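Enquirer: Here is a sequence with its predicted model. Questions after.
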Amino acid sequence: MNNILLIEHSLSDKSDLGQQLSEQGYSVHRVNNAFDALVYMETTQLEAILLDYSVPKMDSFWLLVTRKPSTAIIVLADSRCELERINALELGADDYLAKPINIRELQLRLNVLHRRLQAPMNDNFNHDISFDDTSYTIRFAEKSLVLTQTEYRLFKYLFDRQGEVITKQELQRRVLHKELGRFDRNLDMHISNTRRKLVKRNLPRELINTVRGQGYCFNF
């Protein structure tokens with residue numbers, strides 16, 4: 001049976017979503033905090049994690065996510081706020097759904113993410129990566145990834161400094177050629193779009209990691 005971890009704000013009420021998933025044949029495990037979520041992530045083979053974005057103090061959860069790339073994460077939120085969606089994707093979520101949740105749409109998205117994350121990878125891809133500065137194309141794992149000019153420059157800048165944590169301020173100045181404003185989310189949007197393209201090409205999203213409160217890091 002497929003295991004789904006459902007992280008909700010409260011366990012006191014009956015979960016309509018949990019019930020609907022159970023009726024579809026999923027084994028649903030409900031928790032309401034990061035500690036219990038981490039226990040399930042380390043001890044249970046999960047097909048997906050559904051996270052209510054209103055659950056507080058989830059920093060430790062997002063840190064572990066970078067080490068669990070094979071588990072799909074869908075954030076469930078009360079609004080269609082673009083800033084909230086970008087924040088969720090930046091942290092490491094694979095998808096974002098606004099409430100009320102349509103169970104059929106959720107199932108379809110789970111199926112798509114399952115196919116992407118289960119696609120076979122070439123274990124030696126990190127030894128053969130190339131950049132085409134003319135077409136803004138990156139080639140590795142026997143795949144080609146076409147990016148926009150800005151996405152390409154960000155990817156290459158992080159790749160050239162792999163293993164280092166690069167601050168948002170540095171990326172903003174060196175790649176976007178402007179200072180980082182207080183409410184400027186342009187950089188985050190480019191990173192989010194790049195990660196989404198990686199997943200669509202069945203490439204690991206964790207190549208570009210978010211280092212909470214610091215910036216981004218490229219890791220093989």
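Expert: Received, thanks.

Enquirer: Next one: residue 28 relative to residue 5, how far apart?
Expert: According to Cβ to Cβ, to the nearest Å, residue 28 and residue 5 sit 8 Å apart. C-beta coordinates here come from the backbone N, C-alpha and C atoms, glycine included.

Enquirer: cool, residue 204 as well?
Expert: Distance from residue 204 to residue 5, counting by Cβ to Cβ: 21 Å.

Enquirer: which of the two has more neighbours?
Expert: Under the criterion of other Cβ atoms under 10 Å, the comparison of residue 204 against residue 5 puts residue 5 first, with 22 against 18.

Enquirer: Is that one bridged to anything, and to what?
Expert: residue 29, residue 49 (DSSP bridges).

Enquirer: before we move on, what about residue 131?
Expert: Per DSSP bridges, the residues bridged to residue 131 are residue 138.

Enquirer: what's the neighbour count on it?
Expert: By the criterion of other Cβ under 10 Å, residue 131 has 16 neighbours.

Enquirer: Give me the neighbour count for the spatially closest residue to residue 50 that is not a sequence neighbour.
Expert: Spatial nearest neighbour of residue 50, chain neighbours left out: residue 6 (5.0 Å); criterion: Cβ to Cβ, 6 or more residues apart in numbering. Look at residue 6: counted by other Cβ under 10 Å, it has 22 neighbours.

Enquirer: how far out from the middle of the chain is stretch 4-21?
Expert: Taking Cα atoms, centre = their mean, to the nearest Å, one finds the center of stretch 4-21 at 22 Å from the center of the full chain.

Enquirer: Same check on stretch 158-172?
Expert: With Cα atoms, centre = their mean, you get 19 Å for stretch 158-172.

Enquirer: now do the same end-to-end measure for it.
Expert: Stretch 158-172 has an end-to-end distance of 12 Å (criterion: Cα to Cα, to the nearest Å).

Enquirer: buried set for it?
Expert: 158, 166, 168, 170-172 (16 or more other Cβ atoms under 10 Å).

Enquirer: Among these, pick out the one closest to residue 141, please.
Expert: residue 158 (17.4 Å; Cβ to Cβ).

Enquirer: in a helix, that's where the closest one is, yeah?
Expert: Yes: assessed by DSSP: H, G, I helix; E, B strand; the rest coil, residue 158 belongs to a helix.

Enquirer: The residue nearest to residue 50 and residue 26: what is the separation?
Expert: 9 Å.

Enquirer: try residue 164
Expert: Using Cβ to Cβ, one gets 41 Å for the distance from residue 164 to residue 26.

Enquirer: Over to residue 91?
Expert: For residue 91, the distance to residue 26 (Cβ to Cβ) stands at 24 Å.

Enquirer: Could you do residue 148 as well?
Expert: Going from residue 148 to residue 26 by Cβ to Cβ gives 37 Å.
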